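> 3D model of this:
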Amino acid sequence: MNPFTLALLFFGLLLGTTITLTSSHWLVAWMGLEINTLAIIPLMAKQHHPRATEATTKYFLTQATAAATLLFASTTNAWLTGQWDIQLMTHPIPTTIIILALALKIGLAPLHTWLPEVLQGLDLFTGLILSTWQKLAPFSLLLQIPAANQQVLILLGLASTLVGGWGGLNQTQLRKILAYSSIAHLGWMLIILQFTPSLTLLALITYVIMTSSLFLIFNYNTTTNINSLATAWAKAPLLTSIAPLLLLSLGGLPPMTGFMPKWLILQELTKQQLPMTATIAALTALLSLYFYLRLSYAMTLTITPNNLANTTPWRLPSMKRALPITITALSTTLLLPLAPAMLALVTL
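The predicted structure is shown next:
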């Protein structure tokens, strides 16, 4: 792709997200979401492959449906209450419809079925943008909507943690596994959204860091399925030894960074007198942990036949940049002691 065109599309992504993040009017927020969608579609279709075209079409139809639903609900709210401000959503029906529209936009269960199929048709770099950057604008709107429908958010969150864990068990494609991982993590963020928004923000930040490290490692090794993980040791031995720690951090095991948001969310749920919700969320995290362990096993304990083609790549100099992997990998494994400081930072 032409560098000028690429820079223009990235500027569109940045502009759309910034407009939505800084808006207080539903029409302006909707416009930012539309700019965001239109900017990523050429990035998704740049491969000129039938799977990429299919994924782009599915994504466009899904996002158009969600945007139309959001515009309809915000117009209905303005008609009923006379208010266009995001923070003045008082009528329960438009509020619920907007929550469902935003759930469709980011891929929450049971409106999640488009996400694994779309992510599977993209290259890993575009998949990274879809899994991280594209979540910021809809989540900023969810954070601003007043706490009116706690039951809807808790049900969507629990359904997402369950579907995200259950759906990834039988997958062999890494992009689909990361899609179900995204659904599960978004469920954790949504469960606690109306009680402590700062915890949702903290979970979103740690999720972006952890997911970025895995996408960058898979992109560095050019691996797209579980079988190809077995050759990772020949391409990058050091990254292969670090990858299980990143996967276990994504699963939420201590003492890695991924344990921090889960621990704080479970603690807050018990404070809010929701022990059953906390128990179900913790049990569904075990489902996700299984396929993270499966990936760790395939990457570190499975070795391909020792032939010349598999043993030479690590001796050859790689031209790929390793600095982003270094920064995200260190953050994914070592930020747990900074939990009080990060929590204080997001509550400012």
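> and the next element down the chain from the lowest-mean-pLDDT helix or strand in the chain?
Lowest by mean pLDDT, DSSP states H and E among the helices and strands of the chain is helix 308-311, with a mean of 55. As assigned by DSSP states H and E, the chain's next helix or strand after helix 308-311 is helix 323-334.
> Name the residues of that following helix that come out as buried.
Judged by neighbour count (16 or more other C-beta atoms under 10 Å), helix 323-334 contains these buried residues: Ile325, Thr328, Ala329, Ser331, Thr332, Thr333. Using the backbone N, CA and C atoms, a C-beta is placed for each residue, glycine as well.
> just stretch 338-348 next, same as before
Ala339, Met342, Leu343, Val346.
> follow-up on the earlier one: I'd like the buried residues of helix 323-334 laid out as CSV, including pLDDT and distance to Val163.
CSV is the format used below for these (pLDDT from 0 to 100; distance: C-beta to C-beta, whole Å):
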residue, pLDDT, distance to Val163
Ile325, 87, 29
Thr328, 90, 26
Ala329, 89, 28
Ser331, 90, 28
Thr332, 90, 24
Thr333, 90, 28
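> Quick check: which ranges of the stretch 201-348 of the chain have low pLDDT?
Counting by pLDDT under 70, the ranges of the stretch 201-348 of the chain that qualify are 303-319.
> domain ranges for this structure?
The chain resolves into domains spanning 1-148, 150-306 when parsed by automatic domain parsing.
> got those domains as JSON lines, with mean neighbour count and distance to Lys320 columns?
Shown next, in JSON lines, are the domains of the chain (neighbours: other C-beta atoms under 10 Å; distance: least, C-beta to C-beta, whole Å):
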{"stretch": "domain 1-148", "mean neighbour count": "18", "distance to Lys320": "11"}
{"stretch": "domain 150-306", "mean neighbour count": "20", "distance to Lys320": "5"}
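> gap between the helix or strand where Ala55 lies and the chain center?
Per DSSP H and E, Ala55 falls inside helix 50-81. Computed by C-alpha atoms, centre = their mean, to the nearest Å, the chain-centroid distance of helix 50-81 equals 19 Å.
> how close does Ala341 get to Ile327?
18 Å (C-beta to C-beta, to the nearest Å).
> for Gln87, same thing?
35 Å.
> ok, back up a step: from the buried residues of helix 323-334, which single one is nearest Ile35?
Using C-beta to C-beta, Thr328 is the member of these that lies nearest Ile35, at 26.9 Å.
> so what's the closest one closest to, chain neighbours aside?
Leaving aside its sequence neighbours, Thr328 sits nearest to Ser213 (C-beta to C-beta, 6 or more residues apart in numbering; 3.7 Å).
> Can you give me the distance of that neighbour to Pro42?
26 Å.
> Thr62 too?
17 Å.
> per-residue confidence averaged over stretch 133-143?
The average pLDDT within stretch 133-143 is 92.
> Tabulate the domains of the chain (CSV), appending distance to Arg321.
Shown next, in CSV, are the domains of the chain (distance: least, C-beta to C-beta, whole Å):
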stretch, distance to Arg321
domain 1-148, 12
domain 150-306, 9
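> contacting residues for the closest residue to Leu193 other than its chain neighbours?
Spatially, and ignoring its direct neighbours in sequence, Leu193 is nearest to Thr200 (4.8 Å; C-beta to C-beta, 6+ apart). Taking C-beta atoms under 8 Å, 6 or more residues apart in numbering, we find Thr200 in contact with Phe139, Leu143, Met189, Leu190, Ile192, Leu193.
> at 10 Å what do you get?
Counting by C-beta atoms under 10 Å, 6 or more residues apart in numbering, Thr200 makes contact with 139, 142-143, 186, 188-194, 261, 265, 346.
> In helices, which of those residues fall?
Residues of the contacts of Thr200 located in helices (DSSP state H): Phe139, Leu142, Leu143, Leu186, Trp188, Met189, Leu190, Ile191, Pro261, Ile265, Val346.
> now, among those, which is nearest to Thr22?
The nearest one, if we look at the ones in helices among the contacts of Thr200 relative to Thr22 and count by C-beta to C-beta, is Leu143, at 13.2 Å.
> List the contacts of that closest one.
With C-beta under 10 Å, 6+ apart, Leu143 has these contacts: Ile86, Met189, Leu193, Gln194, Pro197, Ser198, Thr200, Leu201, Leu204.
> Surely the fifth one touches Pro146?
Spelled out, that is Pro197. No - with contact defined as C-beta atoms under 10 Å, Pro197 does not reach Pro146; the gap is 11.3 Å.
> For Gln273, see how far away Leu158 is.
Applying C-beta to C-beta to Leu158 and Gln273 gives a distance of 16 Å.
> same question, Gly32
Relative to Gln273, Gly32 is positioned 37 Å away (C-beta to C-beta).
> ditto for Leu43
From Leu43 to Gln273 the distance is 45 Å (C-beta to C-beta).
> Tyr290 too?
30 Å.
> now swap in Gly168 and tell me
From Gly168 to Gln273 the distance is 31 Å (C-beta to C-beta).
> go on, Ile98?
From Ile98 to Gln273 the distance is 27 Å (C-beta to C-beta).
> can you give me the helices for the stretch 151-300 of the chain?
Counting by DSSP state H, counting those that start in this stretch, the stretch 151-300 of the chain has these helices, from start to end: 174-191, 197-221, 232-235, 237-251, 259-271, 275-300.
> does Ala39 really touch Gly16, like I thought?
Yes - under the criterion of C-beta under 10 Å, Ala39 makes contact with Gly16 at 6.0 Å.
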